[in-house]
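Sequence first, predicted model second:
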Amino acid sequence: MALEWVALAKVMEGVWSNIDEESKNEVAEPAKKAWPAIMWSEKATTYGEKIKTLYGTLRILGHPEPIPLTNLFTDVFIHGRPMASRRTTVEDLEKQYRQSGRSGWGVKGVSGMELVQKTNKLFILGQPGAGKTTFLKHIALQAANGQFDKVPIFVSLKELADSAQPLVDFLVAQFAILNLPDGHPYPLRLLQAGKAIVLFDGLDEVTQEQEERLHLKTDLNKFARQYDKNQILITCRTAVTDYQFELFTYVEMADFAEEQVATFIGKWFGDKPDKGKACLSELQKPDNRGLYELARNPLLLSLLCINYEETLHFPERRVELYEEAIDALLKKWDSSRDIKRGLGTELYRKLSLGRKRQLLARIAATTFEQSKYFIPKAEMVYQILEYLKIVPEAGELDESGGEAVLQAIEAQHGILVERARGVYGFAHLTFQEYFTAKYMTDVGGVVLFTHYTEPQWREVFLLTASLLAEADGFFGHFVAYLEQGVSREPQVQALLTWANGKGSRGGESGPTLILHRSLYLYLDRAHALTRDHALTRDLALTLDLDRNLARAFDLARDRALDRDRGRARDRALDLTRDLARALDLDLNRVLRPLVALDFALIYGWLYSHFGLAEPFIELAWRISREQGLLPLQKSLERLSVPDEAAPASQCQMFAEALWEIAQQERQLQLFELTEEQANLLADYLQGTTLLVECLKLATVTDREGIMRRLLAPPGAA
């Protein structure tokens, strides 16, 4: 006998001793005599192997082969109270969301295994793909291994309903593999003794046609009362909660927390730990926060692992993975398990997949536009009815029809979920963002551009650009919208004209041209402690400016603007030399020599106030000599560069002389902007950065033409 089934054999053999004498006397004599002669060790091995064979593997959507459950199972956590039963306000949910962030629904709860160990009857709710069936399979294996001192009986409620057998008869049939003597009472005596842990899986998978689910609910309640000593677990999707089980504690599977995501990925890449670490690291990058949010669902996390396993990266066009995840929930997850759901109105069953996507897109865009992530049920029903009014196959509808459609969406797909009693939302903010972008692509939503400065809309912009088959029109509208803002301020236009002229002198095109334009805006704003300076840095980084060089620029500016002269001198002495070296090293890799020359002059001027200009003046002199700029070279040679011990008055005189040379020889300027003008420029820079990010994901026919218009004064390109 295999050692792993020893505990199971003891439980099975001990069933007879747990039955009272009166019940034993009711057993037919042949069966009573046969009991002592049964080799329970062999029966336990047979039954344990059956449990292992039937429930020891997982079929993962998109994976060609079954996976051993022990290789992948990650302990689940359970909320002691289902979300939909909580009574709270939309305002409280919004506050909780703001405090916890967009992934705040991954609260751990309590350990699922610990809860099962101490709770006799559980009604376990969960979203599609949350791991309900996997959890019951794991419990079946653990029980077979002796962890619960009970014999596991796993029942697919769909199979039970389809068999048309009485519930107890169906359970008894699970022991046919034991080849017990005819009439042997073991299965019933097992239940009477309370030595079974019965795992009823998938109440939601039972059709509502001919009230099958209602009849089954009645049978389950009767069974739980009659065999109350046994441990009983029932799983069901969260939306199917309109059935009461009197003896059961209602709980809900929690989303994966961070450590569970890491554990699952580690197990997925078990024999390749370095690949697992790389996958997790990639998933945790800020740009992949939407993917990481999906990773809190085990089904969707497995899809991400499959994708990474095949390509060793997540695509920059994240929309492809979002579409795969949504496709899995809308149709593949049920169809892969041969489940046809009857839940919802006849109308919802008639709606095509395309109509369902349109409905979700309309709800997402309408609510996202209003910054609503949590929607009262009445408003959600109203949104559904407003869409169905324009659908030809809908016919006449009332409020109850809208409620039925809402319930069907939640129960069948889990894309909309009840966050609290009477309050709904998208299961993941990523889904709301995706469907909002889908709506924008379907209707040509120019309204999108009014939100370009709002951080919460960034992902919608990126997804919209990714979804468009041909995005030239999108970028045409975007550029025009940005130009419309800066065209109102002549001083801002003058700054753009100057930066355009300086940045375009090398004959560059594409991203390099825009990079140099942005660098001159960066240079101009280096003397001002304003938001537009940081935004020019962000734009330059988006255009692939060396990150270390950009950091050096920022540090140099911050030290130069320090009003404590002695402290700035102490903190910046080594930095000036480092920045000068960084400029020198990046001459041939990132910056044109003349751009580096202008940077050296600007930072030499900034640091001249503290007697720390020498490294920049040396670099400027060398570049001017190499580039044949003799007048500038001679002018720099005539300067007497003060050292750090020089008095402030001498440093000030040097700064004025250097700035006069920079203006005359290199046409450098510093534009003074009002607070309103600076904010207008900052918005323009923020929008341009977002546009560049979108352009990296989009399909366009005139990429070069779009790039030429960026950071150019309106009408100049």
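That came through fine.

mind listing what the residue nearest to Cys694 when sequence neighbours are not counted touches?
Of all residues not flanking Cys694 in the chain, Ala465 sits nearest, at 3.8 Å (Cβ to Cβ, 6 or more residues apart in numbering). For glycine as for every other residue, the C-beta is placed from the backbone atoms N, C-alpha and C. Counting by Cβ atoms under 8 Å, 6 or more residues apart in numbering, Ala465 makes contact with Ala471, Phe474, Cys694, Leu695, Leu697, Ala698.

Now, of those, which are buried?
The neighbour-count test (16 or more other Cβ atoms under 10 Å) marks Ala471, Phe474, Cys694, Leu695, Leu697, Ala698 as buried among those.

where are the low-confidence patches of the stretch 351-500 of the chain?
Applying pLDDT under 70 to the stretch 351-500 of the chain picks out residues 394-399, 445.

what are the ranges of the strands in it?
Ranges of strands within the stretch 351-500 of the chain are 375-376, 416-420, 423-426, based on DSSP state E, counting those that start in this stretch.

And stretch 390-408, end to end?
20 Å (Cα to Cα, to the nearest Å).

Give me the three-state assignment for Asp75.
Secondary structure assignment for Asp75 (DSSP: H, G, I helix; E, B strand; the rest coil): coil.

That one - how many residues pack around it?
13 (other Cβ atoms under 10 Å).

do the one 5 residues further on as well
Other residues lying near Gly80 total 12 when counted by other Cβ under 10 Å.

what residues go with each domain of the chain?
Per automatic domain parsing, the structural domains of the chain span 3-55+75-253, 258-335, 346-444, 468-546+673-717, 562-671.

Gly270: how many residues sit nearby?
Using other Cβ under 10 Å, Gly270 has 11 neighbouring residues.

contacting residues around it?
Asn71, Gly276.

Tell me the secondary structure at it.
Going by three-state DSSP: Gly270 is coil.

Please determine how far it is located from Leu72.
9 Å (Cβ to Cβ, to the nearest Å).

swap in Phe154?
Note on Phe154: its distance to Leu72, by Cβ to Cβ, is 18 Å.

Of these two, give the one with the bigger neighbour count.
More crowded of Phe154 and Leu72, by other Cβ under 10 Å: Phe154, with 22 against 19.

check contacts around the more buried one.
Phe154 neighbours (Cβ under 8 Å, 6+ apart): Ile51, Leu54, Tyr55, Leu136, Lys137, Ala140, Gln174, Leu199, Asp201.

next one: phi and psi at it?
phi -100, psi 130 (degrees, to the nearest 10).

which residues does it form a beta bridge with?
Leu199 (DSSP bridges).

any idea of the pLDDT on it?
pLDDT for Phe154: 95.

What of Ser635?
94.

gap between the closest residue to it other than its chain neighbours and Ser163?
Spatial nearest neighbour of Ser635, excluding adjacent residues (Cβ to Cβ, 6+ apart): Ile661 at 4.7 Å. Relative to Ser163, Ile661 is positioned 93 Å away (Cβ to Cβ).

before we move on, back to that, can you list the domains of the chain in TSV and add distance to Pro68?
Formatted as TSV, the domains of the chain follow (distance: least, Cβ to Cβ, whole Å):
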stretch	distance to Pro68
domain 3-55+75-253	10
domain 258-335	10
domain 346-444	26
domain 468-546+673-717	38
domain 562-671	50
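
Can you check which of these gets nearest to His451?
Among the domains of the chain, the nearest to His451 by Cβ to Cβ is domain 346-444 (8.3 Å).

May I have the secondary structure class of the closest residue to Leu630 other than its chain neighbours?
Leaving aside its chain neighbours, Leu630 sits nearest to Ser624 (7.9 Å; criterion: Cβ to Cβ, 6+ apart). The three-state label for Ser624, taken from three-state DSSP, comes out as helix.

coming back round to it: nearest to Arg59 among the strands of the stretch 351-500 of the chain would be which one?
Arg59 sits nearest to strand 416-420 of all these, at 24.6 Å, using Cβ to Cβ.

Quick one: list the elements packing against the closest one.
Here strand 416-420 touches helix 399-413, strand 423-426, going by 3 or more Cβ pairs under 8 Å, 6 or more residues apart in numbering; DSSP states H and E.

For those, state which one has the densest average packing.
Highest mean neighbour count of the helices and strands packed on strand 416-420: strand 423-426, a mean of 23 (counted as mean count of other Cβ atoms under 10 Å).

Neighbouring strands - and their directions - for that one?
Here strand 423-426 has these sheet partners by DSSP bridges: strand 375-376 (antiparallel), strand 416-420 (antiparallel).
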